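1. Sequence and computational prediction follow.
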Number of protein chains: 2
Amino acid sequence: MALTPLQQDFVLHFGEMGSRWGINRTVGQIYALLFISEHPLNAEQIAEHLGFSRSNVSMGLKELQAWNLVRLKHLQNDRRDYFTTPDDLWEIVRTLVEERKKREIDPTLSKLRELSMDGQGSADDAYAHSRIEELRELIELLTGWYDDMKGLETKRLAQMLSLGSSIHKLIEKSGRVVSLPRRMSGGTKTEEK
Amino acid sequence: MALTPLQQDFVLHFGEMGSRWGINRTVGQIYALLFISEHPLNAEQIAEHLGFSRSNVSMGLKELQAWNLVRLKHLQNDRRDYFTTPDDLWEIVRTLVEERKKREIDPTLSKLRELSMDGQGSADDAYAHSRIEELRELIELLTGWYDDMKGLETKRLAQMLSLGSSIHKLIEKSGRVVSLPRRMSGGTKTEEK
DNA sequence: TATGAATTTCAGAAATTACTGAAATCACGC
DNA sequence: GCGTGATTTCAGTAATTTCTGAAATTCATA
């Protein structure tokens, strides 16, 4: 029942990193444990492995469910909930990015749009307004790109990642027309430094 | 000396978001204030604008300097330190990504490499080891892509972002050879679901 | 609808993190 | 070096977050 040293080390690392990732130690460890467990685990098993109270595990699992990072399974003749992480790592990454965007970017983008509307007149706000506007445009560009990319099937995505920046040579070869940016009129002010 | 409502709103929003971004309220507000201030500010001005203690501002600025997110300026006949954010938003984004990677990804990648070496024998660890290895490979792919992209000049980067996923059509047209992935032998197992 | 296992909720305790004011340090002009 | 102002450090306090055990709730089955 006890964890091997390898498992122990992995789980503890994720616990420590938790704080940097904006989750707490418990949640990090629970996720790590599920990630490297071949079979689904129920809350009690998790509590036992990690030495947390049952209620703490319950809260941690709730948090992970809110992040959409765990899957719920049921076994025959056992009404306890069993948890796993998706087998497909790409799915995990997609979820992680999506959820972080939702929590960390989207609220700010809304706020920027709002401020951008509000703050148009006043001369006192001229500079602040232009900065906010610039920031908004940049974030719109980045999230627009992301929204576009997330639709790609995994195979193509991996392909593009492998190509890396050398893709830009393809853009050049393609006649450098760079088919008018789809998304934004002018794009952000791209002054090269 | 007081902030306009627009500035106030912006600053408070960044303070609130701070916790989600893994920084604290103070640091978030200081950064926001510097970001929308046309001219550099010294620590005392910041403390005054935001209503924090002088020492808190000092710590906040230290943190922002550790993140490499502020620039230090000096004015004629004034030995106080004045702070600004870079004019170029792209530079800010690059710094942000780089620093977050350094804090949030790199330590985990090191750990995964270590565990990947350690945990090779034991049958008990077979599954955990394969999961760890898979995760390591995926992160290597992603960070490799990032390392490659970060060298691009801003103009090209913005161009690629505007193109979004339609780039993949260029890859196809280019003869679909997809010049052997530069970085990894096989790439992560790309099973399409 | 009563039972009991599984799970969640929640109030308080414990731990961590943020913030302050006072004292210490630093750095520059004299 | 000495004095003055700017900045940092730091120990104590405040605020926040995490964690626990006990009580409440849920829910399948008898």
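-> Here it is on my side, so go on. As the structure is a prediction and not an experimental result, all values here were calculated from the model.
2. what about chain A, any weak spots by pLDDT?
-> Residue ranges of chain A with pLDDT under 70: A:1, A:171-193.
3. if you set the cut-off to 50 instead, what comes out?
-> Scanning chain A for pLDDT under 50 picks out A:179-193.
4. For it, list the residues in contact with DNA strand D, please.
-> Taking CB under 7 Å from any atom of the strand, the part of chain A that reaches DNA strand D is made up of A:24-27, A:51-56, A:59-60, A:79. For glycine as for every other residue, the C-beta is placed from the backbone atoms N, C-alpha and C.
5. quick one: A:Glu63 from A:Glu99, how far?
-> Here the criterion is CB to CB, to the nearest Å. By it, A:Glu63 lies 11 Å from A:Glu99.
6. Who has more neighbours out of these two?
-> More crowded of A:Glu63 and A:Glu99, by other CB atoms under 10 Å in any protein chain shown: A:Glu63, with 17 against 14.
7. residues in contact with the host helix or strand of that one?
-> Assigning secondary structure by DSSP states H and E places A:Glu63 in helix A:54-66. Helix A:54-66 has contacts (CB atoms under 8 Å, 6 or more residues apart in numbering or on different chains) with A:23-24, A:26-27, A:30-31, A:43-44, A:46-47, A:50, A:52, A:70, A:72, A:83.
8. Neighbour-wise, which one of the residues you listed leads?
-> The residue in these with the most neighbours, by other CB under 10 Å, is A:Ile30 (32 neighbours).
9. Find the nearest non-adjacent residue to that residue, please.
-> Among residues not flanking A:Ile30 along the chain, A:Gly60 sits closest, at 4.6 Å (CB to CB, 6 or more residues apart in numbering or on different chains).
10. What about that neighbour, how many residues nearby?
-> 25.
11. buried set for the host helix or strand of A:Leu141?
-> With elements taken from DSSP H and E, the one containing A:Leu141 is helix A:126-149. If you call a residue buried by 16 or more other CB atoms under 10 Å in any protein chain shown, then helix A:126-149 has these buried ones: A:128-129, A:131-142, A:144-145, A:148-149.
12. Check whether that helix comes near chain B.
-> Yes - Helix A:126-149 lies within reach of chain B by CB under 8 Å from any CB of the partner chain, at A:127-129, A:131-132, A:134-135, A:138, A:141-142, A:144-145, A:148-149.
13. circling back: of the residues of chain A next to DNA strand D, closest to chain B?
-> A:Asn24 (12.4 Å; CB to the nearest CB).
14. Tell me which residues touch the residue lying closest to that closest one once chain neighbours are set aside, please.
-> Nearest non-adjacent residue to A:Asn24, counting by CB to CB, 6+ apart: A:Gly18, 5.5 Å away. By CB under 8 Å, 6+ apart, A:Gly18 lies in contact with A:24-29.
15. Got the phi and psi for A:Gly18?
-> With angles defined as degrees, to the nearest 10, A:Gly18 sits at phi -40, psi -50.
16. Tell me which stretches of chain A form helices.
-> Using DSSP state H, the helices found in chain A span residues A:5-18, A:25-36, A:43-50, A:54-66, A:89-100, A:106-118, A:126-149, A:154-163, A:167-173.
17. would you turn those helices into a markdown table with distance to DNA strand C?
-> Listed next are the helices of chain A as a markdown table, based on distance: least, CB to the nearest atom of the strand, whole Å:
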| stretch | distance to DNA strand C |
| --- | --- |
| helix A:5-18 | 9 |
| helix A:25-36 | 8 |
| helix A:43-50 | 4 |
| helix A:54-66 | 3 |
| helix A:89-100 | 18 |
| helix A:106-118 | 19 |
| helix A:126-149 | 23 |
| helix A:154-163 | 31 |
| helix A:167-173 | 39 |
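18. need the ones you listed in JSON lines with distance to B:Glu91, can you?
-> JSON lines is the format used below for those (distance: least, CB to CB, whole Å):
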{"stretch": "helix A:5-18", "distance to B:Glu91": "27"}
{"stretch": "helix A:25-36", "distance to B:Glu91": "32"}
{"stretch": "helix A:43-50", "distance to B:Glu91": "42"}
{"stretch": "helix A:54-66", "distance to B:Glu91": "35"}
{"stretch": "helix A:89-100", "distance to B:Glu91": "22"}
{"stretch": "helix A:106-118", "distance to B:Glu91": "19"}
{"stretch": "helix A:126-149", "distance to B:Glu91": "11"}
{"stretch": "helix A:154-163", "distance to B:Glu91": "24"}
{"stretch": "helix A:167-173", "distance to B:Glu91": "20"}
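19. B:Asp118 is nearest to which of the ones you listed?
-> Nearest to B:Asp118, of all those, is helix A:5-18, at 6.4 Å by CB to CB.
20. in that closest one, what counts as buried?
-> By neighbour count on 16+ other CB under 10 Å, the buried set for helix A:5-18 is A:6-7, A:9-15, A:17-18.
21. what's A:Asp88 sitting at in phi/psi?
-> phi -80, psi 110.
22. now do A:Leu3
-> The phi/psi pair for A:Leu3 (degrees, to the nearest 10) is phi -80, psi 150.
23. distance of it from A:His74?
-> From A:Leu3 to A:His74 the distance is 25 Å (CB to CB).
24. So for those two, which sits in the more crowded spot?
-> A:Leu3 (18 against 11).
25. which residues sit in contact with A:Phe35?
-> A:Phe35 is in contact with A:85, B:131, B:135, counting by CB under 8 Å, 6+ apart.
26. Out of the residues you listed, the closest to A:Arg156 would be?
-> When the contacts of A:Phe35 are ranked by distance to A:Arg156 (CB to CB), B:Leu135 comes first, at 21.3 Å.
27. residues contacting that closest one?
-> For B:Leu135, the contacting residues are A:35, A:89, B:112, by CB under 8 Å, 6+ apart.
28. nearest to DNA strand D, of the residues you listed?
-> A:Phe35 (17.8 Å; CB to the nearest atom of the strand).
29. Can you give me the distance of the residue most central in space within chain A to A:Ala123?
-> Chain A has A:Val97 as the residue nearest its centroid, 2.0 Å off, counting by CA atoms, centre = their mean. Using CB to CB, A:Val97 is found at 40 Å from A:Ala123.
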